[in-house]
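Enquirer: fold the following, please.
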Amino acid sequence: MSKTVRTRMAPSPTGFLHIGGLRTALFDYLYARKTGGKFVLRIEDTDRQRLVEGALENIVQSLHDFGIEADEGFYWKNKIDQRGEHGPYMQSERLDIYAKHAQELIDKRAAYYCFCTSERLAELRKSQEAQKVPPKYDKHCLNLPKDEIDQKIQNNEPHVVRLNVPTGQQIVFEDVVHGKIEISSNDVDDQVLLKSDGFPTYHLAVVVDDHLMEITHVIRGDEWIPSTPKHILLYQAFRWELPVFVHLPLLLSKSRKKLSKRDGDVSVKDFLAQGYLPEALLNFVAFLGWNPKTEQEVFSLKELVENFDLEKINKSGAVFDLDKLDWINGLYIRKMDTELLLEKLVPYMDHDMKVFPKEFFIKIVSHEKKRLKKLSEIGERVGYFFKQPEYEGELLVWKKADKNDAKEKISKLIEVINSVDEKILADAKQSETFFKNFINENKLDTGAVLWPLRVALSGRQASPGPFELMEVFATLKNGRDEIISRLNFALKLLS
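Expert: Below is the predicted model:
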């Protein structure tokens, strides 16, 4: 009978959740859901010097906001909580477990006490660098007599526990993404497993925790491949069954260099603050190294679960393309219900909804949503709706005309708009039909009429069309007056 699949994410609260962490959590979650397994979220807080206040809450709540809920470990329910039978799920609460397993390794001579001072280690590294050999610990403390070790411990001399890496062995493992990987043990350092303060390093803790929490699949970034042989040696020393290893491709910039903050390596919280929708960001992240082998590009979380397959993860680096993210986000914005989108846009609009009618905002959003790439763009796009825009009079002149022609057309527009039924102004399709008929009947140049109308209403070269703009203003109690006022302002600029 096959084992139940158990995946895990084990972030360190040394910073807020980043895109790489979100991708790891997503792939862990998708595979667990696809196979009917369990997804575990535990926290690796052994790096006590680099802990960031609020990082734990950010990680757990962010995953909750994306719909990635852990079956075991940490989860969000109005606050952080833990659940499951394999806890505690915080490494700092498991120190006695690591100490017990470190002692077991020492007893098996798979690990040993090391009393070397930082000064000796610095000298060793300096010497190795001078000889141009890779820096490694030289096993100086491996064969200390037992009575000497006991005496040093009794005297409370600072010490660590190191992995005893055998020499001359080939460490071989299969990776789902990269296939067979083989590394010589001669290239593996005698890694510190237990620090002098009693806290484990990542290498001991991750192996012990993964085994005790019955993790079947270890899904993590490519950067952990060099550490995997150390973990395999530990599994072998404990005589534990190896999990399945899945190393995800590196995240790269468009220039195929390691992702930097400038290229998009910032916290997920920052992306959301910029106005990216969680569902769009998640959809984008799913494609960072995974290819569903279909033409479909927009997936719900449910569809991602249905289509996810570890065999479809790419070996090569995943390019983080902000333009692609903008495109996907724009798709999601256009698909969203206008009233729901308005709720999400309000924080970015900086305009009091009590001053203007809700229908005014809804009309603005209905016309702008097709142009938005992210929510934060709305403020700079719609300011002219709320007050008379400032612009140069030359902008009103159509490319085939002059100032006098623009004045003449605006004067005619004022006359027509003053007499037309407001119901026509309130419907973009009706007003388009009406004004185009007016243009044809009077044998006018379309651009020479509609260009100054649009500029007068928006003060911009690029904006929604004049019929859409009039439709928006028509939702105001004094909508016609606002349109006429803006046309009069344009006339003054041309005078």
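Enquirer: ok so residue 247 is a strand residue?
Expert: Yes - counting by DSSP: H, G, I helix; E, B strand; the rest coil, residue 247 is found in a strand.
Enquirer: so how far is residue 463 from it?
Expert: 49 Å (CB to CB, to the nearest Å). Where you see a C-beta, it was placed from the backbone N, CA and C, and this is true even at glycine.
Enquirer: where exactly do the helices run in the stretch 301-450 of the chain?
Expert: Using DSSP state H, counting those that start in this stretch, the helices found in the stretch 301-450 of the chain span residues 301-307, 322-335, 338-349, 358-368, 378-386, 403-419, 422-425, 428-441, 446-458.
Enquirer: now the strands for the protein?
Expert: Secondary structure of the chain by DSSP state E: the strands cover 6-9, 38-41, 72-76, 80-83, 111-114, 160-163, 170-175, 179-184, 192-194, 217-221, 244-248, 251-252, 318-319.
Enquirer: could you dump those strands into CSV with mean neighbour count added?
Expert: Compiled in CSV, these are given as follows (neighbours: other CB atoms under 10 Å):
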stretch, mean neighbour count
strand 6-9, 26
strand 38-41, 24
strand 72-76, 22
strand 80-83, 14
strand 111-114, 23
strand 160-163, 22
strand 170-175, 14
strand 179-184, 12
strand 192-194, 24
strand 217-221, 22
strand 244-248, 20
strand 251-252, 20
strand 318-319, 19
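Enquirer: possible to save the ones you listed as a markdown table with mean pLDDT and distance to residue 231?
Expert: A markdown table is the format used below for those (pLDDT from 0 to 100; distance: least, CB to CB, whole Å):
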| stretch | mean pLDDT | distance to residue 231 |
| --- | --- | --- |
| strand 6-9 | 98 | 14 |
| strand 38-41 | 98 | 17 |
| strand 72-76 | 96 | 20 |
| strand 80-83 | 94 | 25 |
| strand 111-114 | 98 | 14 |
| strand 160-163 | 98 | 10 |
| strand 170-175 | 96 | 9 |
| strand 179-184 | 96 | 12 |
| strand 192-194 | 98 | 11 |
| strand 217-221 | 97 | 8 |
| strand 244-248 | 97 | 9 |
| strand 251-252 | 90 | 23 |
| strand 318-319 | 91 | 24 |
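Enquirer: closest to residue 476 out of those strands?
Expert: strand 72-76 (42.5 Å; CB to CB).
Enquirer: elements contacting that closest one?
Expert: Here strand 72-76 touches strand 38-41, helix 55-65, strand 80-83, going by 3 or more CB pairs under 8 Å, 6 or more residues apart in numbering; DSSP states H and E.
Enquirer: how about a cut-off of 10 Å?
Expert: Applying 3 or more CB pairs under 10 Å, 6 or more residues apart in numbering; DSSP states H and E, one finds that strand 72-76 contacts strand 6-9, strand 38-41, helix 55-65, strand 80-83.
Enquirer: of all the ones you listed, which one is nearest residue 147?
Expert: Nearest of the helices and strands packed on strand 72-76 (CB to CB): strand 6-9, 41.9 Å.
Enquirer: pull the CA atoms of the closest one into CSV?
Expert: Taking C-alpha atoms only, strand 6-9 is exported to CSV below (Å, rounded to 0.1, in the frame of the first residue of the first chain):
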residue,chain,number,x,y,z
ARG,A,6,3.0,14.6,2.8
THR,A,7,4.7,17.8,1.7
ARG,A,8,6.0,20.7,3.7
MET,A,9,7.1,24.2,3.6
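Enquirer: where in the chain is pLDDT low?
Expert: Low-confidence segments of the chain (pLDDT under 70): 1-2, 260-265.
Enquirer: how about 80 then?
Expert: 1-2, 259-266, 350-354 (pLDDT under 80).
Enquirer: ok, back up a step: now render the helices of the stretch 301-450 of the chain as TSV, adding mean neighbour count and distance to residue 114.
Expert: Below are these laid out as TSV (neighbours: other CB atoms under 10 Å; distance: least, CB to CB, whole Å):
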stretch	mean neighbour count	distance to residue 114
helix 301-307	16	46
helix 322-335	17	46
helix 338-349	16	54
helix 358-368	20	64
helix 378-386	18	58
helix 403-419	16	84
helix 422-425	15	83
helix 428-441	15	77
helix 446-458	22	72
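Enquirer: between the ones you listed, which one is nearest to residue 33?
Expert: helix 301-307 (4.5 Å).
Enquirer: how distant is that closest one from the center of its chain?
Expert: 18 Å (CA atoms, centre = their mean, to the nearest Å).
Enquirer: contacts for it?
Expert: Residues from elsewhere that reach helix 301-307 (CB atoms under 10 Å, 6 or more residues apart in numbering): 26-27, 29-35, 66-68, 278-279, 282-283, 285-287, 290, 292-294, 296, 299-300.
Enquirer: could you rerun that using 6 Å?
Expert: 30, 33-34, 67, 286, 292 (CB atoms under 6 Å, 6 or more residues apart in numbering).
Enquirer: and of these, the nearest to residue 448?
Expert: Distances from residue 448 to these, taken by CB to CB, are shortest for residue 286, at 49.4 Å.
Enquirer: domain ranges for this protein?
Expert: Domain ranges of the chain: 6-81+251-319, 94-248, 338-380, 388-494, per automatic domain parsing.
Enquirer: among the helices of the stretch 301-450 of the chain, which is nearest residue 169?
Expert: Using CB to CB, the nearest of the helices of the stretch 301-450 of the chain to residue 169 is helix 301-307, at 40.2 Å.
Enquirer: so which of the helices of the stretch 301-450 of the chain is nearest residue 254?
Expert: Using CB to CB, the helices of the stretch 301-450 of the chain put helix 322-335 closest to residue 254, at 8.2 Å.
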